[in-house]
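S.K.: what follows is a predicted structure for the sequence shown.
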Amino acid sequence: LASTLQHLLPAVTSKNAVIREHGVICLSKFCLLSEEDKIMDEFKPLLMQIAGSVEERVEVRAQAMLALCDLTLLHKDMLQLSDEGGNNESTTFKELLLEMLGHPKQGIAVIAAEVAAKLLLAGCLHDPTIIAWLLVIYFDAALTEVEDDDDVDGSEVKKVGSPVRLQQLLSIFFPTYSMSSLDANDAIMAAVGPLLTIVNGKLEGKKQAKALNQWPIAKMVEYICYNVDLADKKKKEESADETDQAEVDDGSQVKEEGEGDNQAEATAEDDDTVVEASSTLLASIDIAEFLSEEGASAPTYYNRALAKMLGSASIDVDAEDTALLSRLKSQVAEAEYSTDDGPTVNQIKKLLTLLADVADFEEDERSYSSEDTSGEPEEEEQDEELDAKSVATDKEDLSGDESFTTATFEENIEKENVRLSMGSMKSARLSMGSMKSAIEHESEVEETPSKRVSLGAVN
């Protein structure tokens, strides 16, 4: 292997572009036979330098990217920075991949998209931003026009870096990736936010609404929701089949169980049921958040297109999670105040009307925090200790005051301890009983049920 490497390195550094391209191809095959330490110390920095070189030809950079992709599938450390051996890399392979996905040259972007699809499907990456870039490339009208061209040769489908090949790969990639795992499905859903920002950057400087024809944002978001819903449907069908099979296998055991146990298990399952948010709700939250935060820098026609999506969103308020609905209402309200465009505001108000009965997001937070405070036993114990100390202090201060009455004493307790709990009030009342015995006014403060102040009177 060492002797073979001596012939490869001169080819990689040759002045002839064709020789350099084939030299990188041979080097990538050689790396597959090398040890991981040697790859990380010697070959990875060289391939990263070639792939990121602005002066290098597209074909050579593409072969370097493909080589890095193959090595990443074998060695997960390829995605990390490598500062061993004095290399001191400043850019990771993932960052280089994101840079090439947004490259103005079509050939580099196509190669980067194919590499990203491989890494995502293999589980090496779960990055919503990379998925968003793949969606932008997939729906780019400039690439779809090439695919529809009748003059395209059939060999283009097999050629790496061909837009036709990429379109066919991505058409299979998105549904397959969304069904591959729950993390993958969540990553696709989380790509809505980055997608809105990327398209906004693409539209910068373009004043005509026709620019949306090249990047149809409504179709992109709808395609995301379609794939997410398709994966969720498949997951539910698989879960139902597994449940039915388990019931058939354990049928004899289920019959032996008592009806009381079955009811308890059913109640427990209902309590543990989690409301799964719909893709439409999650996408609407991302759109409203974009309009409220970045809508001022976006073109008016882009804001109108996004607001139209919000106005036509079909959301079942009764079936969705209340916390997410409150968050959506808050973001939509902020989006309404952040714009003064009439058509945009009208579309946003349609969704606000649908969310009129949803509680405000801040009110939910306050109620949630108060529930947590009341449910913590440690705080209750601290309150009881403070109340006991307060009662003891009052007894010492008032021991010499023979005209002090029961009603006045309880009023002082209520003023000094606003958060006095039920248990603390009872303990204070017991302390009052011992205090009364020490005060020599039995005739005036006779302990009878009619003279006692109830908890309702104090509260």
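M.R.: Okay, I see it.

S.K.: can you show me the strands along the protein?
M.R.: In the chain, no strands are defined using DSSP state E.

S.K.: least trustworthy helix or strand in it by mean pLDDT?
M.R.: Here the helix or strand of the chain ranked lowest by mean pLDDT, DSSP states H and E is helix 455-458, holding a mean of 36.

S.K.: which of the residues in the helix ranked longest in the chain are buried?
M.R.: Assignment by DSSP state H gives helix 217-249 as the longest helix of the chain. Residues of helix 217-249 classed as buried: 217, 220, 221, 223, 224, 225, 227, 228, 230, 231, 232 (neighbour count, 16 or more other CB atoms under 10 Å). For the C-beta atoms, the positions are set from N, CA and C on the backbone; glycine is no exception.

S.K.: ok, those vs residue 21, which is closest?
M.R.: residue 220 (34.3 Å; CB to CB).

S.K.: now do the contacts for the closest one.
M.R.: By CB atoms under 8 Å, 6 or more residues apart in numbering, the contact set of residue 220 is 135, 136, 139, 195, 199.

S.K.: tell me the spacing between it and residue 176.
M.R.: Distance, residue 220 to residue 176, by CB to CB, to the nearest Å: 18 Å.

S.K.: find the nearest non-adjacent residue to residue 133, please.
M.R.: Counting by CB to CB, 6 or more residues apart in numbering, residue 133 lies nearest to residue 101, which is 4.0 Å off, once chain neighbours are set aside.

S.K.: closest one of the buried residues of helix 217-249 to residue 291?
M.R.: The closest of those to residue 291 turns out to be residue 217 (CB to CB; 12.4 Å).

S.K.: now the residue nearest to the closest one when sequence neighbours are not counted: how far from residue 329?
M.R.: In space, and not counting its chain neighbours, residue 217 is closest to residue 199: 5.3 Å by CB to CB, 6+ apart. Using CB to CB, residue 199 is found at 25 Å from residue 329.

S.K.: quick one: which of those two has more around it?
M.R.: Using other CB atoms under 10 Å as the criterion, residue 199 and residue 329 rank with residue 199 on top: 25 against 22.

S.K.: check contacts around that one.
M.R.: Residue 199 neighbours (CB under 8 Å, 6+ apart): 136, 215, 217, 220, 302.

S.K.: for it, give me the pLDDT.
M.R.: If you check residue 199, the pLDDT there is 94.

S.K.: could the buried residues of helix 217-249 be laid out in a markdown table, adding pLDDT and distance to residue 24?
M.R.: As requested, the buried residues of helix 217-249 are exported to a markdown table (pLDDT from 0 to 100; distance: CB to CB, whole Å):
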| residue | pLDDT | distance to residue 24 |
| --- | --- | --- |
| 217 | 93 | 37 |
| 220 | 94 | 34 |
| 221 | 95 | 39 |
| 223 | 95 | 35 |
| 224 | 96 | 35 |
| 225 | 94 | 41 |
| 227 | 94 | 35 |
| 228 | 94 | 38 |
| 230 | 91 | 39 |
| 231 | 90 | 37 |
| 232 | 89 | 42 |
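
S.K.: related to what we said a few turns ago, between the contacts of residue 220, which is nearest residue 24?
M.R.: residue 136 (27.7 Å).

S.K.: since we're on the residue nearest to the closest one when sequence neighbours are not counted, how many residues are nearby?
M.R.: Distances taken as CB to CB, 6+ apart place residue 198 nearest to residue 136, at 5.5 Å, with adjacent residues excluded. Applying other CB under 10 Å, we find 21 residues neighbouring residue 198.

S.K.: mind starting the numbering at 52 from now?
M.R.: From this message on, residue numbering opens at 52, which makes the last subject residue 249.

S.K.: how near is residue 249 to residue 190?
M.R.: Applying CB to CB, the value for residue 249 to residue 190 is 11 Å.

S.K.: next one: residue 296
M.R.: 40 Å.

S.K.: how about residue 172?
M.R.: 19 Å.

S.K.: okay, the two: which has more neighbours?
M.R.: Ranked by neighbour count (other CB under 10 Å), residue 172 and residue 190 place residue 190 first, with 19 against 16.

S.K.: let me see the contact set for that one.
M.R.: 266, 267, 270, 271, 274.

S.K.: with residue 333 instead?
M.R.: Contacts of residue 333 (CB under 8 Å, 6+ apart): 240, 243, 375.

S.K.: give me the pLDDT for it.
M.R.: 94.

S.K.: also the one 4 residues further on?
M.R.: Here the pLDDT value assigned to residue 337 is 95.

S.K.: next: the one 5 residues further on.
M.R.: On the pLDDT scale, residue 342 is placed at 94.

S.K.: re earlier: counting neighbours, what do you get for the residue nearest to residue 184?
M.R.: Residue 152: 23 neighbours (other CB under 10 Å).

S.K.: please apply the same query to the one 10 residues further on.
M.R.: Here the count is done by other CB under 10 Å, and residue 162 has 28 residues near it.

S.K.: contacting residues around it?
M.R.: 112, 113, 116, 117, 151, 211, 212.

S.K.: hang on, the earlier thing: I'd like to know how far the residue nearest to residue 184 sits from residue 253.
M.R.: Counting by CB to CB, the gap from residue 152 to residue 253 is 12 Å.

S.K.: and which of the buried residues of helix 268-300 is nearest to residue 345?
M.R.: Nearest to residue 345 out of the buried residues of helix 268-300 is residue 268 (CB to CB; 13.4 Å).

S.K.: so the closest one sits against residue 248, correct?
M.R.: No. Using CB atoms under 8 Å, residue 268 is not in contact with residue 248; the gap is 11.2 Å.

S.K.: about what we covered before: make TSV out of the contacts of residue 190 and add distance to residue 178.
M.R.: Below are these laid out as TSV (distance: CB to CB, whole Å):
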residue	distance to residue 178
266	20
267	23
270	22
271	17
274	18
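
S.K.: wouldn't residue 251 be in contact with residue 349 here?
M.R.: Yes. The pair residue 251 / residue 349 is scored as a contact, 5.0 Å apart, by CB under 8 Å.

S.K.: give me the common contacts of those two.
M.R.: Common neighbours of residue 251 and residue 349 (CB under 8 Å, 6+ apart) are residue 341.

S.K.: for this protein, give me the ranges with low pLDDT.
M.R.: Where the chain drops to pLDDT under 70, the residues are 52-53, 133-140, 195-209, 295, 297-326, 412-510.

S.K.: can you do 50?
M.R.: 136-137, 311, 315, 317-323, 414-428, 442, 446-483, 485-510 (pLDDT under 50).

S.K.: mind checking how far the residue nearest to residue 184 is from residue 83?
M.R.: From residue 152 across to residue 83, the span is 25 Å (CB to CB).

S.K.: distance of the residue nearest to residue 187 from residue 149?
M.R.: From residue 249 over to residue 149 the distance is 11 Å, taken as CB to CB.

S.K.: need the overlap of contacts for the two.
M.R.: Once CB under 8 Å, 6+ apart is applied, the residues that residue 249 and residue 149 both contact turn out to be residue 184.
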